[in-house]
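> Predicted model and sequence below, questions to follow.
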Amino acid sequence: MSAMEAKARVTPARHKTLGLSDQDVLDMYYYIALARALDDRMWVLQRAGKAMFVISGPGHEGCQIGAMWPMDKKHDWFVPFYRSIAACLVKGMTPRDILLGLFARAEDPSSGGRQMPGHYGHPGVKILSTSSPVGTQFPHAAGIAYASKIRKTGEVTMTAIGEGGTSQGDVHEAMNWAGIYKLPIIFVVENNMYAISVPLHKQVAGGNVAARAAGYGFPGVATDGSDVLECYRVSKEAYDRAKRGDGPTLLEFRVPRLGSHSSDDQQERYRSKDEIDADRRRDPLQTFRIYLEGVGLMDEGKLKEIAGRVKREIDEATDYADRSPLPEPESGVRHLFHDE
Amino acid sequence: MSAMEAKARVTPARHKTLGLSDQDVLDMYYYIALARALDDRMWVLQRAGKAMFVISGPGHEGCQIGAMWPMDKKHDWFVPFYRSIAACLVKGMTPRDILLGLFARAEDPSSGGRQMPGHYGHPGVKILSTSSPVGTQFPHAAGIAYASKIRKTGEVTMTAIGEGGTSQGDVHEAMNWAGIYKLPIIFVVENNMYAISVPLHKQVAGGNVAARAAGYGFPGVATDGSDVLECYRVSKEAYDRAKRGDGPTLLEFRVPRLGSHSSDDQQERYRSKDEIDADRRRDPLQTFRIYLEGVGLMDEGKLKEIAGRVKREIDEATDYADRSPLPEPESGVRHLFHDE
Amino acid sequence: MAELRYIDAINQAHHEEFARDERVVVMGEDVGRKGGVFGATMGLFDKFGEDRVIDTPLAESSIAGIAIGMAANGLLPIAEFQFADFIHPAFNQIVSEAARMRYRSNNAFGCPVVFRTPYGGSHGTALYHSQSIETYYAHVPGLKVVTPSTPYDAKGLLKAAIRDPDPVMYLEHKRMYRLIKGEVPDGDYVVPIGPAVVRREGRDLSIFAYGWMLHESLQAAEMVAKEGIKAEVVDLRTLAPLDKDTILKSVAKTNRALIVYEDNRFVGYGAEVAATIAEEAFSDLDAPVMRLAGPDVPGIPFSKPLEEWFYITKDKIAESIRKLAAY
Amino acid sequence: MAELRYIDAINQAHHEEFARDERVVVMGEDVGRKGGVFGATMGLFDKFGEDRVIDTPLAESSIAGIAIGMAANGLLPIAEFQFADFIHPAFNQIVSEAARMRYRSNNAFGCPVVFRTPYGGSHGTALYHSQSIETYYAHVPGLKVVTPSTPYDAKGLLKAAIRDPDPVMYLEHKRMYRLIKGEVPDGDYVVPIGPAVVRREGRDLSIFAYGWMLHESLQAAEMVAKEGIKAEVVDLRTLAPLDKDTILKSVAKTNRALIVYEDNRFVGYGAEVAATIAEEAFSDLDAPVMRLAGPDVPGIPFSKPLEEWFYITKDKIAESIRKLAAY
Ligand SMILES: Cc1ncc(C[n+]2csc(CCOP(=O)(O)OP(=O)(O)O)c2C)c(N)n1
Ligand SMILES: Cc1ncc(C[n+]2csc(CCOP(=O)(O)OP(=O)(O)O)c2C)c(N)n1
Ligand SMILES: [Mg+2]
Ligand SMILES: [Mg+2]
């Protein structure tokens, strides 16, 4: 969705029809802005030599926030991937938590500085620890959902992956399992058209990830990931479906990739300037702002206020994380097993 | 398809419409009869203590013969699974080859007696060596087809698996690859409703394997595997499609399982008598005979003649294989690498 | 106390743990209505229902991966792999995920999963139903590996594995299932993960073995006893973590070590035992540490003469004992 | 002859083999237009086209499995795994299929595939971009495993691997890519798979190492040389099959052996080297065979202090040398 299309989609009642209050959509915008600013900060810190590596999700924030919004932040489970920064923020992680990870500090709740940045996890808000091998999280999520089902906890599980990751056998196996047991689970695929440098047509036969769901007997929905409210709408439907016991949903969000794959990559080497520019025009931070302006909830002043709040939070978190101690060398042996 | 349904489907022109001569259909029947008799013989030998293990395909022969019929026996590739006995016979293996494997003789062309019976392979007729881990053959077949495509050999590759095997990640990965490169390949799924004891609804989400193909952007067709001519028809279409360069087809044949999983299994422990009986009524050996009788190509005398020929061939093969020497113990070290 | 077959001891442990703790579930191909292809889970489906006794799709990576997820959400899954040869598709989930969950999350998440699987050669098991896989997994930090050799240990170690807060690979040499019988207490007991045990005392040399090789070694020790060679036989039982103390104590007594394993020799598990002895018992040794292991071919071939060529039998072990004793 | 970086030598070998034999193809994630995340396949896509330089889907099991199929049908595939940490999903295809194709088919089918992958720790590579995987694969009969340590060997061994009629795992320690430079002949030459090589002569003890550890060991040897300890340093180069002769000859000369590897110590590759020396050079040894290896935790943690805690550095090696020399 471009700016022009975004404008065309402004109808005053849109978010209300979806059951979202004015405060809800303002909060959603705040999270998009927060995630983006945090993201920008991480790249600045990396370029300044304060961080070794960044992998983040510019362009993916809108769909993540739309998808996570219906979830119960305390009760439900999230099994993220490395681009899930916005989703993790909504789920309950803080900029501090994320920057403690970036700086690999002892206090980093994801891994105590053991993993690369971007490998989120947080037991307090039921975000399962992320690893690097792409695809492995899908069976984990299905297992969590199976446990919810037979333990009758009423939890819903959401997991996320890139479209490239859907090529993995594990993704198929997990969707097959989830379909068999009609699990309360939402599979999110954030399709940014690339797996590092590999374009969609060399990764996804048929070009349509959502279409795969039909083969497992559950619905698959493809949505413009820069249309935050539409992302929310399909996610709410998927959530209700899971809650009702009607089984899984596969959500494919078509999102812009606004940056290189990671700080180790230069996308200019394999993407044209035109294509990169076209993606920029689909930035959810912009399209959602246009919506809020259109329905009269956002203006210059409000924008400044949010930007200010976000900056303060991130400055504070950066300072905190920066001052926080590194792990002790000898702690490397710890937690191999439970009692050690 | 039951006997009654089989009778209903007798129309004089049916095989001719499909471009099959009278001789073709008689040959097809011969192969079904040959595969079945060979199968029966293997079980007799096993019960008599002459063979340690049998795994075979009673009930699957009709679809295998229909599927293999359009293939070029010398030029095209086949990547089988353990039930592919009838398909391997059509492709060019002989009862002797199969029984040399059953008796684990040095001369066994599949493995020189190294593998369990049922692990077919034959370089002379381009049947790739089979292993036991289910699913691994799908990527192999896709790799062969990719080589055919870029080497421009015009070969078509067929591979086969049970419906249970489609749960494997490898199967997904191979179909994805084949879809991306529009490979000249036919994926055959012989759906007998069980993976050993596990029923379809606990293995295949959605219950419909053919439906998976749409997710990869190529056609999937489900066919009654006891209707040999229909199996041929869809296979011929798939073959022509592959030859034209239009890419893969997924063929799901719904077949009866007329025996236990293998000689180590007793299906009575997990299947009802009624269900087993219902399967027996869908025996392709019977339904195809009914067709041939209906169109006047088969009668008592002809049946006897074929049975006699088949028995002679199998007796001869049994004798030969039985007299054939076992491998030398010291040969166990050989062929780890090329030059050894 | 009853005399049970090895397989029955495993089955009994399942039944008792299922009754004791409703978080315990078992999942795998044919573990449900059929009760497992070897019968390890017989009777559980009818008694505990299909929610807890789960016939899975034929997809090993997800068997492991889903078990990991279940464990993260309050269950204690036993993941059965029908044959050890077919655990390989799950290698990534076991190595990268199960074994690392606690370490990578800095103790935030654990992974109390038991990976159970029948391994090793029996008659006619051929290339793909006979593999030894312990080497691959014993090398994985974060994973415990046990190989019980008696019905008593089979039950007690399975209980320990189920109750362990970390992932345990539980390996059953399939040749023992029906052949090996022994006394098994009816009630609850646990054999701790870790300690090895001396199965036969001796003073001329020490044999280190596990699984089926323990039984062949005990018979070989019996054979050479008649010739006056007193072999000590140590059952390693737990392969990771390794009980070095018991090993070093035995070598300190006998001054000679023979390590017997059925797996391929090269970079096989026994190399670690040999290297440990070489490094830590150097001055105790009167002879080179010796290994007797499977030939370095990809598996046990099917045909009888080839199968016999492969196997490590009591005769071959006795031969090695004589050689080592004579050094 | 030019001085090339390790990565450039690998790249050059690709270019030459692609030009020499049109059956050679390369496949992997980002090997095409991007030229690989480390640049190993740079320039191939433009020169040889997308049929032969194949950007694959993100699915390692199929990268291996499809390569096996290609090899069965007349191609010579090089399958690149972006990081060794991500080869695990392909474990089944490599172990059960590639390594067994010839043996199981009694020589009817071969599997001329090269599995190439960057392994080992460099700065900031963390738990999942730093693994050593050689132990798993060196244990697999039917698979050859090479670990070149110099640009010269990198080129020559890659050519040998591509031309080998059997599957070869080609492991590149990623820390060498840009740091290690050396003379590389422009034209065609091959370094045979198999022979180890003595990189530094010495008579007080022998160090056995490969990959990055070779370079740390050479530096450590230099350090202790100043203290009068003359360490011989042997580059194993090929891990499977192992060149026992060169190892035993060196031990016969120095009577002391130190094996250095970055992989986790327990059941690590070095155990085989240690066990072999202990068994076959027993009477040559004046001191216990010693191993220095990575701690037994699931990987190299990210945070600097933890990373340094893990690494086997020249200082730690020098420390071990002194201890062994003093025994
Ligand atoms: C199993 C595995 N293989 C390879 C990689 C290296 N890798 C990391 S991200 C990535 C591309 C992922 O693409 P996609 O799933 O589309 O997600 P995106 O990064 O585009 O959001 C690759 C190849 C990995 N982490 N894990
Ligand atoms: C990877 C792997 N896991 C498990 C097995 C054991 N096994 C052999 S056949 C089979 C069931 C296969 O069912 P299906 O694919 O439906 O084929 P069918 O036997 O019914 O024709 C199983 C579980 C195996 N051979 N390979
Ligand atoms: Mg992507
Ligand atoms: Mg079936």
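Sure thing, it's come through. All values derive from a computational prediction rather than experimental measurement. Ligands and ions are numbered 1, 2, ... in the order given.

> Name the residue of chain A that lies nearest to chain B.
Going by CB to the nearest CB, chain B is nearest to residue A:169 of chain A, at 1.5 Å. In this view, the C-beta of every residue, glycine as well, is placed from N, C-alpha and C.

> ah, wrong one, I meant the stretch 101-250 of chain C
residue C:128 (3.3 Å).

> so how many other residues sit close to that residue?
23 (other CB atoms under 10 Å in any protein chain shown).

> tell me the SS of it?
coil (DSSP: H, G, I helix; E, B strand; the rest coil).

> Spit out the contact partners of the spatially most central residue of chain C.
Most central in chain C under CA atoms, centre = their mean is residue C:147, positioned 2.0 Å from the mean C-alpha point. By CB atoms under 8 Å, 6 or more residues apart in numbering or on different chains, the contact set of residue C:147 is C:134, C:171, C:173, C:210-211, C:236-239.

> got CSV for these, with neighbour count, distance to ligand 1 and pLDDT too?
What follows is those, written out as CSV (neighbours: other CB atoms under 10 Å in any protein chain shown; distance: CB to the nearest ligand atom, whole Å; pLDDT from 0 to 100):
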residue, neighbour count, distance to ligand 1, pLDDT
C:134, 29, 25, 98
C:171, 26, 27, 98
C:173, 26, 32, 98
C:210, 29, 33, 98
C:211, 28, 33, 98
C:236, 27, 34, 98
C:237, 25, 35, 98
C:238, 26, 31, 98
C:239, 26, 28, 98
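
> Which of those sits closest to chain A?
residue C:238 (13.1 Å).

> Pop out the phi and psi values for that closest one.
Main-chain torsions, residue C:238, degrees, to the nearest 10: phi -110, psi 120.

> Could you verify my assumption that it touches residue C:194?
Yes: under the criterion of CB atoms under 8 Å, residue C:238 makes contact with residue C:194 at 5.2 Å.

> Report pLDDT for residue A:340.
We have a pLDDT of 54 for residue A:340.

> follow-up on the earlier one: so what's the residue of chain A closest to chain B up against?
Here residue A:169 is in contact with A:135, B:168-170, B:172-173, C:59, C:61, C:89, D:59, D:61-62, D:89 (criterion: CB under 8 Å, 6+ apart).

> Show the pLDDT at the residue of the stretch 101-250 of chain C found nearest chain A.
Residue nearest to chain A within the stretch 101-250 of chain C (CB to the nearest CB): residue C:106, separated by 3.3 Å. Turning to residue C:106, the model gives it a pLDDT of 98.

> Can you show me the strands along the stretch 101-250 of chain C?
C:114-119, C:144-146, C:168-173, C:181-184, C:197-200, C:205-209, C:231-235, C:238-240 (DSSP state E, counting those that start in this stretch).

> separation between the residue nearest in space to the middle of chain A and chain D?
With distances taken as CA atoms, centre = their mean, the residue of chain A nearest its centroid is residue A:84 (2.9 Å). From residue A:84 across to chain D, the span is 16 Å (CB to the nearest CB, to the nearest Å).

> now do residue A:6
Taken as CB to the nearest CB, the span from residue A:6 to chain D is 31 Å.

> Tell me the residue of the stretch 101-250 of chain A that sits nearest ligand 4?
residue A:176 (14.8 Å; CB to the ion).

> what helix or strand is that residue on?
helix A:169-180 (DSSP states H and E).

> Residue C:45 too?
helix C:44-48.

> What is that helix packed up against?
When contacts are defined as 3 or more CB pairs under 8 Å, 6 or more residues apart in numbering or on different chains; DSSP states H and E, helix C:44-48 packs onto helix C:6-20.

> what comes into contact with the helix it packs on?
C:4, C:24, C:26, C:38-44, C:47-48, C:52, C:78, C:150-152, C:154-156, C:158-159, C:162-163, C:172, C:176-182, C:184, C:188.

> if we go to 6 Å?
Helix C:6-20 is contacted from outside by C:24, C:39-40, C:42, C:44, C:48, C:151, C:154-155, C:158-159, C:162, C:176-177, C:180, C:184, using CB atoms under 6 Å, 6 or more residues apart in numbering or on different chains.

> likewise stretch C:211-230?
For stretch C:211-230, using CB under 6 Å, 6+ apart, the contacting residues are C:120, C:147, C:149, C:173, C:175, C:200, C:202-204, C:207, C:209, C:231, C:233, C:235, C:260-262, C:314, C:317-318, C:321, C:325.

> Report the buried residues of that stretch.
For stretch C:211-230, burial by neighbour count (16 or more other CB atoms under 10 Å in any protein chain shown) applies to C:211-218, C:220-221, C:223-224, C:229.

> go on, stretch C:47-60?
Applying 16+ other CB under 10 Å to stretch C:47-60 flags C:48, C:52-60 as buried.

> Out of the residues you listed, name the ones that lie in helices.
C:48, C:60 (DSSP state H).

> Export the buried residues of stretch C:47-60 to TSV and append columns for pLDDT.
What follows is the buried residues of stretch C:47-60, written out as TSV (pLDDT from 0 to 100):
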residue	pLDDT
C:48	98
C:52	98
C:53	98
C:54	98
C:55	98
C:56	98
C:57	98
C:58	98
C:59	98
C:60	98
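
> Which members of the buried residues of stretch C:47-60 occur in strands, if any?
C:53-55 (DSSP state E).

> got the residue ranges for the helices in the chain?
Picking chain A for this. Counting by DSSP H, the helices of chain A are A:3-8, A:14-17, A:22-47, A:61-68, A:85-91, A:95-102, A:137-151, A:169-180, A:228-244, A:273-280, A:284-294, A:300-323.

> that's the other chain; I wanted chain C
Going by DSSP H, chain C shows helices at C:6-20, C:44-48, C:60-72, C:91-92, C:101-104, C:134-138, C:151-163, C:176-179, C:212-225, C:244-254, C:269-280, C:304-310, C:314-326.

> For the chain, give me the ranges with low pLDDT.
Picking chain A for this. For chain A, the stretches flagged by pLDDT under 70 are A:340.

> one more time with 80, if that's ok
Residue ranges of chain A with pLDDT under 80: A:1, A:8, A:10-12, A:339-340.

> In the stretch 201-340 of chain A, which residue sits nearest ligand 3?
residue A:257 (6.8 Å).

> ditto for chain A
Closest point on chain A to ligand 3, by CB to the ion, is residue A:162, at 3.6 Å.

> Can you give me the neighbour number for the nearest residue to that residue once chain neighbours are set aside?
What sits nearest to residue A:162 in space, not counting adjacent residues and going by CB to CB, 6 or more residues apart in numbering or on different chains, is residue A:190, at 5.7 Å. Around residue A:190 there are 27 other residues, counting by other CB under 10 Å.

> so residue A:190 sits right up against residue A:61, yeah?
No: contact status for residue A:190 versus residue A:61: not in contact, 10.2 Å apart, counting by CB atoms under 6 Å.

> tell me which parts of the stretch 101-250 of chain A are close to chain B?
Residues of the stretch 101-250 of chain A lying close to chain B (CB under 6 Å from any CB of the partner chain) are A:167, A:169-170, A:172-173, A:176, A:179-180, A:205-206, A:211-212, A:215-217.

> Among these, which one has the most neighbours?
residue A:170 (35 neighbours).

> Name all residues that make contact with that one.
Applying CB under 6 Å, 6+ apart, the residues contacting residue A:170 are A:135-136, A:138-139, B:169, C:61.

> What about these, which one has the most neighbours?
residue A:139 (34 neighbours).

> Make sure it is actually in contact with residue A:176.
No: the pair residue A:139 / residue A:176 is not scored as a contact, 10.2 Å apart, by CB under 6 Å.

> near chain D at all, the longest strand seen in chain C?
For chain C, the longest strand by residue count, based on DSSP E, is strand C:257-264. Yes: Strand C:257-264 reaches chain D (CB under 6 Å from any CB) through residue C:264.

> Who are the packing partners of that strand?
Secondary-structure packing of strand C:257-264 (3 or more CB pairs under 6 Å, 6 or more residues apart in numbering or on different chains; DSSP states H and E): strand C:205-209, helix C:212-225, helix C:269-280, strand C:290-294, helix C:314-326.
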